[in-house]
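Asker: let's see this in three dimensions:
(one chain, ligands or ions: 1)
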Amino acid sequence: MESLEVKEEVSSMPRIGDKAPIFKAVTTQGEINFPEDYKGKWVILFSHPADFTPVCTSEFITFASLDEKFNKANCKLVGLSIDGLYSHIAWLRTIKDKIEFNGLKNVEVKFPLIEDITMEIAKKYGMVQPGESKTQAVRAVFFIDPEGIVRAIIYYPLSLGRNFDEIYRALIAMQTADAFKVATPADWYPGDDVIVSPAGTCGVAEERMASTDGLECKDWFFCTKELDKDEVLNTILKE
Ligand code: BEZ
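Answerer: Next comes the predicted model:
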């Protein structure tokens with residue numbers, strides 16, 4: 001008897017440390033070549049399920065209101081949904097003309113919103129997760145660094161609007177880790193102590209525990225130091 005084999009489509013997705021997959025796209029701000037057009041900048045590439053939906057609308061108003069703040073941190077925002085260009089344009093016009101959220105109104109979305117009606121880009125980035133929806137992208141957030149490398153990924157389900165303070169905090173924390181060669185502990189914000197790289201030899205472990213030059217070691221493997229808030233912000237933020 002012939003077996004009825006149901007083949008499930010498996011789409012690959014980039015992982016932390018991978019090169020961001022390349023694509024060309026039509027957006028509400030013209031065509032883009034990704035990530036080539038963003039060389040030298042951080043990018044937050046994020047997907048949302050659909051235009052003209054309430055959670056997405058609240059997210060776009062919030063994200064657009066923070067656009068300048070992200071730009072000052074050398075970071076560009078790029079959105080995507082599995083909708084067409086004219087739907088995107090109509091939705092962004094409606095947001096600007098009619099919708100108020102959390103005291104924000106007349107908000108103009110100036111960052112590009114990619115049309116991806118074929119799902120080609122969404123599938124390349126693992127933004128379509130069929131257990132959640134076969135036709136809509138989940139709320140994915142890809143942090144891509146100035147060399148085009150994926151540095152962090154956060155996924156949210158359709159029903160959960162994102163916390164944009166956390167997205168900004170994560171961006172600044174990664175930039176701080178790069179600039180100062182440190183790591184950042186749980187719930188870190190600029191001005192909080194940072195973590196120095198773990199001791200790699202018994203000798204360094206011994207030195208760390210005896211050190212008096214600004215290191216605070218809870219134990220040999222867990223040492224922190226102060227990092228001035230202004231030093232962090234002056235290094236990272238551009239006027
Ligand atoms: C929303 O953005 O409101 C939404 C989108 C898809 C499913 C559920 C909610």
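
Asker: okay, buried residues for the helix or strand of the chain with the lowest mean pLDDT please.
Answerer: Ranked by mean pLDDT, DSSP states H and E, the weakest helix or strand in the chain is helix 202-210, scoring a mean of 88. Within helix 202-210, the residues that qualify as buried are 205, 208, counting by 16 or more other CB atoms under 10 Å. The way it works is simple: take the backbone N, C-alpha and C, and place the C-beta from them, glycine included.

Asker: so how far is it off the chain centroid?
Answerer: The chain centroid and the centroid of helix 202-210 are separated by 37 Å under CA atoms, centre = their mean, to the nearest Å.

Asker: could you list the paired strands of the helix or strand following it along with their orientation?
Answerer: Sequence-wise, the next helix or strand downstream of helix 202-210 (DSSP states H and E) is strand 215-219. Take DSSP bridges as the rule and strand 215-219 pairs in its sheet with strand 222-225 (antiparallel).

Asker: what residues sit buried inside the strand it pairs with?
Answerer: For strand 222-225, by 16+ other CB under 10 Å, it's 223-225.

Asker: returning to what we had before: which other helices and strands does the least confident helix or strand of the chain contact?
Answerer: strand 215-219 (3 or more CB pairs under 8 Å, 6 or more residues apart in numbering; DSSP states H and E).

Asker: quick one, the strand it packs on and helix 202-210 angle?
Answerer: Angle of strand 215-219 versus helix 202-210, following axes from the mean of the first three to the mean of the last three CA atoms, to 10 degrees, is 110 degrees.

Asker: same question for strand 215-219, mean pLDDT?
Answerer: In this model, strand 215-219 has a mean pLDDT of 92.

Asker: buried residues, it. List them.
Answerer: Here strand 215-219 shows residue 217 as buried, counting by 16+ other CB under 10 Å.

Asker: one more: stretch 94-108?
Answerer: Judged by neighbour count (16+ other CB under 10 Å), stretch 94-108 contains these buried residues: 95, 99, 101, 107.

Asker: please apply the same query to stretch 141-158.
Answerer: In stretch 141-158, counting by 16+ other CB under 10 Å, buried: 141-146, 148, 150-156, 158.

Asker: measure it end to end?
Answerer: 13 Å (CA to CA, to the nearest Å).

Asker: stretch 129-142 now?
Answerer: For stretch 129-142, the end-to-end distance is 15 Å (CA to CA).

Asker: over to stretch 174-188?
Answerer: Using CA to CA, the end-to-end distance of stretch 174-188 comes out at 11 Å.

Asker: same check, this time on stretch 210-221
Answerer: 13 Å.

Asker: what's the answer for stretch 29-39, then?
Answerer: One end of stretch 29-39 sits 18 Å from the other (CA to CA).

Asker: pull the distance from that stretch to the chain's centre.
Answerer: So, by CA atoms, centre = their mean, the centroid of stretch 29-39 is 16 Å from its chain's centroid.

Asker: quick check: mean pLDDT of that stretch?
Answerer: Average pLDDT, stretch 29-39: 98.

Asker: identify each buried residue in it, please.
Answerer: Buried, per 16+ other CB under 10 Å, within stretch 29-39: 32, 34-35, 38.

Asker: residues making contact with it?
Answerer: Contacting residues not belonging to stretch 29-39 are listed as 20, 22-25, 43, 45, 76, 78, 110-114, 144, 146, 148 [CB atoms under 8 Å, 6 or more residues apart in numbering].

Asker: which of these fall in strands?
Answerer: Using DSSP state E, 23-25, 43, 45, 76, 78, 113-114, 144 are the members of the contacts of stretch 29-39 that sit in strands.
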